[in-house]
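Undergrad: need a 3D model of the sequence below.
(chains A and B)
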Amino acid sequence: MKARVLITGMGAITPLGVGSRALHERWAQGVCGIVDGAGSCSEFDPAEFLSTKDIRRMDRFSQLAVAAAGEALSQAGWNERLPYDPWRVGCVIATGIGGIETVENQHDVMRDRGSRSVSPLGIPQYMPNAGAAAVAMRYGLRGQMYGVVSACSGGAHALGVAARMIQCGDAEAVVAGGAEATLTPFGFACFNALQALSPTGVSRPFDARRDGFVMGEGAGVIVLEEASAAKARGATILGELAGYGSTSDAYHLTAPQPSGEPAAKAIELALADAGVTAGEVDYVNAHGTSTPLNDAAETAALKRALGPEQAKRIPVSSTKSAIGHLLGAAGAVEAVATVETLATRVIPPTLGYEIPDPELDLDYVPGEARPLLMSNGGAPVAVSNSFAFGGHNVSLVLRGPPA
Amino acid sequence: MPAVTTEQVEARVVEALASFGPDESLITRDATFEELDIDSLDLVELAQIVEDEYGVVLKGEDMKQLRTVGDAIDMIVERAG
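TA: Predicted coordinates for the structure are as follows:
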């Protein structure tokens, strides 16, 4: 039997503030962290978390990762010392893009002052594995450590492979998540050129008026521990990463497969991995980007995977309505929001969802937050989806603390 | 071009090192790079600044010989002169 993977700590830096509680509480209150068409982490001050030397050596995405990891480790009770042999603690931090701000700055330096003036810190700041390296170095994690790169599903992939690392016996615990900081001129230009961003600057997933995603930045990090080890050390259990499923569209560079079949397959695999049926799912945290294509394909996928009746029963809301799309951090941040939802039994709404699209007929939790109703007497269960350019599909099944 | 003085180089080196992280009050001629937590990446940056300001090219082998802040200042002044 596969080892169970428990969640013992969570951290998030998002456009809704510093902290995983701030993320869920403010979203549930209907607060939107998007300002002028972007979700920036305006409350994040790197100097509160990092020395001058560390700040200079990290691109913003790594700074966000280290700060979110700090909250997660603190919540897990790891701040004094690691509860495990450091060689048995892994670290997987995803990013969609890496240190793009560093690339832009150093490219300016090269153009203006010549190639000899480019900083030796350029590559170590830019490299997409820099977030994982920064977290591992800061907290002394010496097991398997790497970055995951799968665009907007990276954060969810990181959590999935981290669970597998534990289940294969390669680690007793893994610090896993994602980080992204692409609110730069080049970042906006590229996504704008793709016509992926909302021209109105409004994130309203599943609404008939949805016209693209709103880019955000931030990081989410989760401490995962093998169940018996976590219980032996008396850890407080926040939840469980109960299932992981992942597939590929093998269809198109940016457009999702419109039938939703490959995404549905990922959801089915995650449910089977968790040993959960559609009837036991209490909540879906959607990928819900607010693009016309994603929200339609995701709705189709949910109906395929859960069956049309169960899909219509289960409340579906999108964190991106409150913080925008955090790309490689999204899956991890949304897993944090999902576990908070299961723990507090409060489902935050899909903000801005007012005019239903006749084609999209699920319960997208319009208006206000509502209590989470449990379909069984045990622990509540949720599905969290992440899909990505390239055709990546990841679904996680998360279980909250029992009543 | 007037020759650079030791004082000028010292002020510039201290300023550069302080921007890398260590407290400025700790950056004395006798302080070692190890004590200041100045590593090989910092020294490459320092070499770039020195080349920009004084046209002095410091190579990897040169930097390896440097142990203290004073060593760096003396080498720069010598080569610039």
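
Undergrad: which residues does the worst-scoring helix or strand of chain B on mean pLDDT contact?
TA: In chain B, no helix or strand scores lower on mean pLDDT, DSSP states H and E than helix B:60-65, which sits at a mean of 88. Here helix B:60-65 makes contact (CB atoms under 8 Å, 6 or more residues apart in numbering or on different chains) with B:S40, B:L43, B:V44, B:A47, B:D71, B:M75. C-beta coordinates here come from the backbone N, C-alpha and C atoms, glycine included.

Undergrad: for the helix or strand harbouring A:M165, output the C-alpha coordinates as CSV.
TA: In this structure, A:M165 sits in helix A:154-167 according to DSSP states H and E. Extracted in CSV, the C-alpha atoms of helix A:154-167 (Å, rounded to 0.1, in the frame of the first residue of the first chain):
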residue,chain,number,x,y,z
GLY,A,154,4.3,23.6,-12.2
GLY,A,155,3.2,24.3,-8.7
ALA,A,156,0.8,21.3,-8.8
HIS,A,157,3.4,19.1,-10.5
ALA,A,158,5.9,20.0,-7.7
LEU,A,159,3.4,18.8,-5.0
GLY,A,160,2.7,15.6,-7.0
VAL,A,161,6.2,14.6,-7.6
ALA,A,162,7.0,15.4,-3.9
ALA,A,163,4.3,13.0,-2.8
ARG,A,164,5.7,10.4,-5.1
MET,A,165,9.2,11.0,-3.6
ILE,A,166,7.8,10.2,-0.2
GLN,A,167,5.8,7.2,-1.4
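
Undergrad: can you point out the buried residues in the following helix or strand past the least confident helix or strand of chain B?
TA: Sequence-wise, the next helix or strand downstream of helix B:60-65 (DSSP H and E) is helix B:69-80. Across helix B:69-80, burial judged by 16 or more other CB atoms under 10 Å in any protein chain shown covers B:V69, B:G70, B:A72, B:I73, B:D74, B:M75, B:I76, B:V77, B:A80.

Undergrad: helix or strand right after the helix holding A:M165?
TA: Proceeding N to C from helix A:154-167, the next assigned helix or strand is strand A:173-180, under DSSP H and E.

Undergrad: so the closest residue to A:N385 other than its chain neighbours is in which element?
TA: Nearest non-adjacent residue to A:N385, counting by CB to CB, 6 or more residues apart in numbering or on different chains: A:H287, 4.4 Å away. Using DSSP H and E, A:H287 sits within no helix or strand.

Undergrad: isn't B:V9 up against B:I73?
TA: Yes - assessed by CB atoms under 8 Å, B:V9 is found in contact with B:I73 at 5.3 Å.

Undergrad: what segments of the chain are strands?
TA: I'll assume chain A. A:5-14, A:17-18, A:89-94, A:145-148, A:173-180, A:218-226, A:239-248, A:283-285, A:316-317, A:346-347, A:370-371, A:381-388, A:392-399 (DSSP state E).

Undergrad: winner for burial among those?
TA: Ranked by mean neighbour count, the strands of chain A are led by strand A:173-180 with a mean of 36 (mean count of other CB atoms under 10 Å in any protein chain shown).

Undergrad: now the angle from that strand to strand A:89-94?
TA: Following axes from the mean of the first three to the mean of the last three CA atoms, to 10 degrees, one obtains 20 degrees for the angle between strand A:173-180 and strand A:89-94.

Undergrad: how about the residues of chain A by chain B?
TA: A:S51, A:T52, A:K53, A:R56, A:R57, A:R116, A:S117, A:S119, A:P120, A:L121, A:P124 (CB under 8 Å from any CB of the partner chain).
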